[in-house]
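1. Below is the sequence, then the predicted model.
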Amino acid sequence: MNTLAPLETLFEMDGGKDLPLPPNLTTLYGRLQFPSPLGSPHVIGNFVSTLDGIVSLDAQTSGGVISGFNQHDRMVMGLLRAVADVVIVGAGTLRAEPQHLWTADYIYPSLSAEYQQLRANLKKSDPPLNVIVTGRGEIDLNLRVFQSGEVPVLIVTTTNGEHRIRKRGLPQSVRVAAMKGASLLCAQAILDAIGRARQSDIILIEGGPHLMGNFFAEQCLDELFLTLAPQIAGRDNSTERPGLVAGKIFAPEQPLWSTLIGVKRGGSHLFLRYRLSR
């Protein structure tokens, strides 16, 4: 039996249509609203950050270390995956969590029945498409996400990356989309490749900072869900500790501003929701 305390809603703007959450998820999270589909997918990001803006301690660190493996954070991750048609991660996130599946059941199994009921309510019969973005194609195809057949997988890569991947053979549940002539994978090209692979209403991005930077730079992100964990991690010159965005600079010439549309609290963790301009 799940004994997680409900999140406290501190602030919430109207965000569109209420999703049909099962009663237990409504109790734990509250209302979850998204705008009605307007012909293109609604693209959301979900990250966890320390108070000093760090999302990863090193290349091998998962978000769980940043949140302190907080149960509310994992519940929210599961909820967002449960409503998503697609979950996008970069190769760095895959290497940091090599046995991961980007599904609601995997991240918070104690609510798996509720997540499955939510997907049924939304008429989403299949698990979300797991999209792995890799420029060089240097990924381990023996990992669970590729070999188990538990989730459909799309690898988005360059032509050189596709060549490396196909030389090793692909499981039946895995497809590859190569960006012709692209050395750097832009956000819109990723979305276009996903559009050819699966019709989607909600696309969820979970990392990493370089991938997220591209989506911000091309204004391809509609919303950001940001968990603020109450720890100070610190920085020095020995190890890169990235923030939410890496590889892009916006301010002061072109700062990107957002609108706060939701604040929830679970203990000392804050769960923030921002709307961005497309």
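-> Sure, I can see it. Numbers count the residues shown, from 1 in each chain.
2. show me where the stretch 51-200 of the chain has helices.
-> According to DSSP state H, counting those that start in this stretch, the stretch 51-200 of the chain carries its helices in the segments 63-67, 71-83, 91-96, 104-107, 112-121, 144-147, 159-167, 187-197.
3. right, and the ones you listed - which one's nearest Asp14?
-> Nearest to Asp14 among the helices of the stretch 51-200 of the chain is helix 71-83 (17.7 Å), distances taken as C-beta to C-beta. (C-beta placed from N, C-alpha, C; glycine too.)
4. quick one: the closest one to chain centroid distance?
-> On the basis of C-alpha atoms, centre = their mean, to the nearest Å, helix 71-83 sits 10 Å off its chain's mean C-alpha point.
5. what helices or strands is it leaning on?
-> With contacts taken as 3 or more C-beta pairs under 8 Å, 6 or more residues apart in numbering; DSSP states H and E, helix 71-83 sits against helix 23-29, strand 42-49, helix 63-67, helix 104-107, helix 112-121, strand 202-207, strand 223-228, strand 269-276.
6. List just the one of the helices of the stretch 51-200 of the chain that sits closest to Ile261.
-> Closest approach to Ile261 among these is made by helix 71-83 (14.8 Å; C-beta to C-beta).
7. what comes into contact with the closest one?
-> With contacts defined as C-beta atoms under 8 Å, 6 or more residues apart in numbering, helix 71-83 is touched by 4, 7, 19, 21, 25, 28-29, 32, 34, 44, 46, 48, 63-64, 67, 87, 102-105, 107-108, 111, 115, 118-119, 122, 128, 202, 204, 206, 225, 227, 229, 266-267, 269, 271.
8. on that earlier part again, could you save the helices of the stretch 51-200 of the chain as JSON lines and add columns showing mean pLDDT, distance to Gly137 and mean neighbour count?
-> Output for the helices of the stretch 51-200 of the chain, formatted as JSON lines (pLDDT from 0 to 100; distance: least, C-beta to C-beta, whole Å; neighbours: other C-beta atoms under 10 Å):
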{"stretch": "helix 63-67", "mean pLDDT": "92", "distance to Gly137": "24", "mean neighbour count": "21"}
{"stretch": "helix 71-83", "mean pLDDT": "98", "distance to Gly137": "25", "mean neighbour count": "24"}
{"stretch": "helix 91-96", "mean pLDDT": "91", "distance to Gly137": "9", "mean neighbour count": "20"}
{"stretch": "helix 104-107", "mean pLDDT": "97", "distance to Gly137": "24", "mean neighbour count": "23"}
{"stretch": "helix 112-121", "mean pLDDT": "98", "distance to Gly137": "31", "mean neighbour count": "18"}
{"stretch": "helix 144-147", "mean pLDDT": "96", "distance to Gly137": "13", "mean neighbour count": "19"}
{"stretch": "helix 159-167", "mean pLDDT": "92", "distance to Gly137": "3", "mean neighbour count": "16"}
{"stretch": "helix 187-197", "mean pLDDT": "95", "distance to Gly137": "14", "mean neighbour count": "18"}
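9. And these: which comes nearest Arg235?
-> Evaluated over the helices of the stretch 51-200 of the chain, closeness to Arg235 peaks at helix 63-67, with 13.7 Å, by C-beta to C-beta.
10. Dump that closest one to CSV, keeping only the CA atoms.
-> Taking Å, rounded to 0.1, in the frame of the first residue of the first chain, the C-alpha atoms of helix 63-67 are listed here in CSV:
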residue,chain,number,x,y,z
GLY,A,63,18.6,12.7,-11.1
GLY,A,64,17.9,10.6,-8.1
VAL,A,65,21.1,11.7,-6.4
ILE,A,66,20.1,15.4,-7.0
SER,A,67,16.6,14.9,-5.5
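11. Name the residues that touch it?
-> Contacts of helix 63-67 (C-beta under 8 Å, 6+ apart): 47-50, 54-57, 73-74, 206-207, 227, 229, 231, 233, 269.
12. Take the helices and strands packed on helix 71-83 and write them to JSON lines, including distance to Asn214.
-> Below are the helices and strands packed on helix 71-83 laid out as JSON lines (distance: least, C-beta to C-beta, whole Å):
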{"stretch": "helix 23-29", "distance to Asn214": "29"}
{"stretch": "strand 42-49", "distance to Asn214": "11"}
{"stretch": "helix 63-67", "distance to Asn214": "19"}
{"stretch": "helix 104-107", "distance to Asn214": "24"}
{"stretch": "helix 112-121", "distance to Asn214": "28"}
{"stretch": "strand 202-207", "distance to Asn214": "10"}
{"stretch": "strand 223-228", "distance to Asn214": "14"}
{"stretch": "strand 269-276", "distance to Asn214": "14"}
